[in-house]
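[1] Pasting the sequence and the predicted coordinates here, then a few questions.
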Amino acid sequence: MGKEVLVLEASADVGGVWHHNGYPGARCDVESYDYSYSFSPELEQEWRWSERYATQPEILRYIHHVVERFDLRRDIRFNTRMRSARYDEEQALWLITAEDGAQWQARYLLMCVGQLSTTKAPSFAGQEKFTGRIIHSGLWPKEPVSFAGKRVGIIGTGSSGMQMTPIIAQQAEHLTVFQRTPNYSIASANAPVSDEEDQRVKASYRARREQAWNSPSGLGFMPNKQSALQATPQEREQVYEAAWNRLGFGFALAYYDILLDQAANDTAADFIRRKIAALVKDPVVRDKLTPRGHPFGARRPSVDSGYFQAFNRANVELADVREAPIVEFTATGLRTQAKHHELDMVIFATGFDAFTGSLLKPEIVGRGGMALREKWAQGPVTQLGVAVADFPNLFIVVGPGSPSLLSNVLVSTEEQIDWLAQLLRHMDDSGALEFEATHAAERDWVAHVNQRARETLYLSTDSYYNGAEVAGKPRVFMPYSGGVRGYRRLLQNCVARGYEGFELRNQPLGTRSTP
Ligand code: NA7
């Protein structure tokens with residue numbers, strides 16, 4: 001488009017979450033061919049995925065390949081964290097200041113800071129006394145970490161904790177998993193990608209993309225049109241078994257109402273509980289590992305490779321910290337209300353300040369001195385998930401108010417970027433300098449996001465979808481649950497109606513009041 005672009009990247013290299021989450025077992029639980037860019041047919045054809053679900057190193061290699069292939073590195077300034085961005089209302093320019101004091105002016109500011117990029121670590125009493133090592137899964141060291149001969153503790157059993165557990169169990173002398181909430185997980189049907197499969201996908205990649213774009217979550221799975229409650233128990237068993245052995249997340253669409261209706265959900269949750277029961281030998285451990293009390297899928301489930309089986313090993317112990325909470329760190333380990341665990345290393349797989357953590361870290365100040373932190377004090381407010389009233393020409397990519405973490409983020413990212421590119425072209429053509437959401441439109445959008453969420457089971461439990469992962473965070477549902485196809489239609493309708501819900505101005509609003 002002939003635009004001058006500068007990317008500020010806080011890290012030393014590209015990759016985002018795939019740069020930082022280098023813990024053992026880290027892997028994408030979206031299929032590789034779908035968790036990839038679709039904008040270049042040449043890129044699609046030349047890249048060869050080795051596994052159905054790619055590991056973190058392979059995804060990072062892919063990202064590096066994309067950066068080199070399209071010569072993107074020259075536009076990226078690494079080790080540069082944005083400290084603030086202030087909108088100059090008269091010039092319609094953002095003044096951006098980095099932590100190192102460097103400054104730039106920009107017409108447009110795109111926030112592509114990720115949803116799971118601000119790590120969240122608990123602080124336990126006595127933590128400073130611990131003589132062993134503490135590592136956060138989301139800030140994994142770049143040099144290899146050896147577990148040989150070590151007594152390792154993992155706190156947290158979300159996707160990160162579940163992925164690393166079987167690998168560390170094989171390498172460490174002893175592993176203790178500190179679990180607060182048992183998580184649902186689908187067995188990963190991972191497999192190497194054969195040459196035949198690779199050729200088959202590449203011969204009809206467009207059709208595969210079309211299917212992903214038109215599926216609710218961008219993963220390519222179409223929901224079974226039947227209700228779980230209309231099937232007989234035998235039919236259900238067959239459908240769930242087939243989904244379990246192949247679909248990963250697609251399991252959630254084995255019937256259309258699994259994420260919509262509690263009774264339907266119960267049938268899926270029961271199936272998973274029976275699977276867990278068959279995998280774990282010790283009845284006490286089995287019972288503790290069994291998720292109950294929240295619907296399957298209402299919190300982010302995992303797709304695992306041998307998580308539950310790891311607890312059959314003699315060197316793996318489960319510490320239920322809901323029953324016996326962690327009291328303190330000691331010099332040599334962690335003390336819970338039940339016992340002292342001797343540990344050489346503790347891994348915090350404790351997650352992130354999701355959706356808003358990284359957007360609210362820098363000081364972003366829009367029109368009239370309005371700070372984004374102030375504007376979002378009661379939770380994020382956007383029009384269509386892409387822009388915020390009082391913050392002209394600021395765009396949020398895959399953030400709150402968009403399908404984001406309820407979707408294949410590669411699909412969502414391209415969907416929004418294409419829309420933004422179209423908008424910028426339109427602004428160039430029409431001479432517009434300022435683009436801003438209206439207050440009325442963002443009120444309506446937030447209401448719509450909530451309305452769609454009320455049609456689902458997502459509101460029935462605490463999760464990072466609704467801000468429950470951080471104490472004191474506003475409890476509002478953040479992602480858009482209406483699906484990537486529905487969302488794309490709304491973006492397109494907005495354009496068709498002349499950017500409904502936004503104002504486009506050829507003269508910046510700030511100059512009009514100037515005498
Ligand atoms: P998650 O899914 O947010 O999981 C964090 C886990 O850490 C979860 O089991 C939490 O238990 C647990 N946790 C957090 N704080 C504590 C304390 N203080 N004590 C004990 N346990 C704690 O993060 P992940 O990194 O696993 O996954 C993030 C996403 O990456 C994932 O959803 C995919 O999108 C990929 P809780 O459930 O809060 O009781």
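    Thanks, I have it.

[2] which residues touch the closest residue to residue 377 other than its chain neighbours?
    Residue nearest to residue 377 in three dimensions, not counting chain neighbours: residue 474, with 7.3 Å by C-beta to C-beta, 6 or more residues apart in numbering. Every C-beta, even on glycine, is put in place using the N, C-alpha and C of the backbone. Contacts for residue 474 (C-beta atoms under 8 Å, 6 or more residues apart in numbering) come out as 376-379, 467.

[3] can you rerun that using 7 Å?
    Contacts for residue 474 (C-beta atoms under 7 Å, 6 or more residues apart in numbering) come out as 378-379, 467.

[4] separation between it and residue 386?
    In this structure, residue 474 and residue 386 are 20 Å apart, going by C-beta to C-beta, to the nearest Å.

[5] and what of residue 168?
    With C-beta to C-beta as the criterion, residue 168 and residue 386 are 40 Å apart.

[6] So which bits of the chain are right by the ligand?
    Residues of the chain lying near the ligand by C-beta under 6 Å from any ligand atom: 116, 122, 137, 155-161, 178, 180-181, 300, 321, 349-351, 464, 469.

[7] Out of those residues, which end up buried?
    Among these, the ones that count as buried by 16 or more other C-beta atoms under 10 Å are 116, 137, 155-161, 178, 180-181, 300, 321, 349-351, 464, 469.

[8] Can you show me the strands along the stretch 251-400 of the chain?
    302-304, 316-320, 326-330, 333-336, 340-342, 345-348, 363-365, 394-396 (DSSP state E, counting those that start in this stretch).

[9] If you count neighbours, what's buried in the third one?
    Same thing as strand 326-330. For strand 326-330, a neighbour-count test (16+ other C-beta under 10 Å) marks 326-327, 329-330 as buried.

[10] Give me the distance from it to the chain's centre.
    Centroid displacement of strand 326-330 relative to its chain, using C-alpha atoms, centre = their mean, to the nearest Å, is 30 Å.

[11] report the angle between the axes of that strand and strand 316-320?
    130 degrees (axes from the mean of the first three to the mean of the last three C-alpha atoms, to 10 degrees).

[12] With just CA atoms, put strand 326-330 into PDB.
    Extracted in PDB, the C-alpha atoms of strand 326-330 (Å, rounded to 0.1, in the frame of the first residue of the first chain):
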ATOM      1  CA  ILE A 326       0.000 -23.500  49.300                       C
ATOM      2  CA  VAL A 327       1.000 -21.700  52.500                       C
ATOM      3  CA  GLU A 328       4.500 -20.600  51.700                       C
ATOM      4  CA  PHE A 329       7.800 -21.100  50.000                       C
ATOM      5  CA  THR A 330      10.700 -22.400  52.100                       C
END
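
[13] To what extent is residue 277 buried, counted in neighbours?
    14 (other C-beta atoms under 10 Å).

[14] residue contacts, the nearest residue in space to it that is not next to it in sequence?
    Setting aside the residues directly before and after it, residue 277 is nearest to residue 286 in space (C-beta to C-beta, 6+ apart), at 5.8 Å. Residue 286 makes contacts with 276-277, 280, as judged by C-beta under 7 Å, 6+ apart.

[15] from what I can see residue 473 touches residue 465, true?
    No. Using C-beta atoms under 7 Å, residue 473 is not in contact with residue 465; the gap is 11.7 Å.

[16] tell me, what's touching the two both at once?
    When C-beta under 7 Å, 6+ apart defines a contact, no residue borders residue 473 and residue 465 alike.

[17] out of the two, which sits in the busier spot?
    Between residue 473 and residue 465, counting by other C-beta under 10 Å, residue 465 is the more crowded of the two (25 against 18).

[18] Considering the contacts of residue 474, which is situated nearest to residue 82?
    Nearest to residue 82 out of those is residue 379 (C-beta to C-beta; 22.5 Å).

[19] neighbours around the closest one, how many?
    Residues near residue 379, counting by other C-beta under 10 Å, number 17.

[20] which SS class is residue 85?
    Under DSSP: H, G, I helix; E, B strand; the rest coil, residue 85 falls in the strand class.

[21] Could you pull up the residues touching it?
    Per C-beta under 7 Å, 6+ apart, neighbours of residue 85: 94, 96, 109, 362, 364.

[22] for residue 93, same thing?
    For residue 93, the contacting residues are 105-107, by C-beta under 7 Å, 6+ apart.

[23] try it again with 8 Å
    By C-beta under 8 Å, 6+ apart, the neighbours of residue 93 are 87, 105-107.

[24] now do residue 257
    Residue 257 neighbours (C-beta under 8 Å, 6+ apart): 227-229, 264-265.

[25] With respect to the ligand, which of those is nearest?
    The nearest member of these to the ligand, counting by C-beta to the nearest ligand atom, is residue 265 at 18.1 Å.

[26] And the nearest residue to residue 360 once chain neighbours are set aside, how far from residue 357?
    Excluding the flanking residues, the one nearest residue 360 by C-beta to C-beta, 6+ apart is residue 373, at 5.3 Å. Remark: distance between residue 373 and residue 357 (C-beta to C-beta) = 12 Å.

[27] These two - which one has more neighbours?
    Higher neighbour count among residue 373 and residue 357: residue 357, with 21 against 15, using other C-beta under 10 Å.

[28] which residues does the closest residue in space to the more buried one that isn't next to it in sequence contact?
    In this structure, residue 357 finds its nearest non-sequential neighbour in residue 118, 3.0 Å apart by C-beta to C-beta, 6+ apart. Going by C-beta under 8 Å, 6+ apart, residue 118 touches 352-353, 357-358, 361.

[29] Please dump the buried residues of strand 326-330 into JSON lines; it should also carry pLDDT for every row.
    Listed next are the buried residues of strand 326-330 as JSON lines, based on pLDDT from 0 to 100:
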{"residue": "326", "pLDDT": "98"}
{"residue": "327", "pLDDT": "98"}
{"residue": "329", "pLDDT": "98"}
{"residue": "330", "pLDDT": "98"}
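
[30] so which of those comes closest to the ligand?
    Nearest member of the buried residues of strand 326-330 to the ligand, counting by C-beta to the nearest ligand atom, is residue 326, at 6.3 Å.

[31] Name the residues linked to that closest one by a beta bridge.
    Applying DSSP bridges to residue 326 yields these beta-bridge partners: residue 336.

[32] wait, what's in contact with residue 148?
    Shown in contact with residue 148 (C-beta under 8 Å, 6+ apart): 171-173.

[33] what pairs with it across the strands?
    residue 172.

[34] Give me the neighbour count for residue 81.
    Residue 81, neighbours per other C-beta under 10 Å, totals 13.

[35] Sorry, wrong one. I was asking about residue 401.
    By other C-beta under 10 Å, 26 other residues sit near residue 401.

[36] Once you drop chain neighbours, what's closest to the residue in the stretch 1-150 of the chain positioned nearest to the ligand?
    Per C-beta to the nearest ligand atom, residue 122 is where the stretch 1-150 of the chain lies closest to the ligand, at 3.4 Å. Leaving aside its sequence neighbours, residue 122 sits nearest to residue 350 (C-beta to C-beta, 6+ apart; 5.8 Å).
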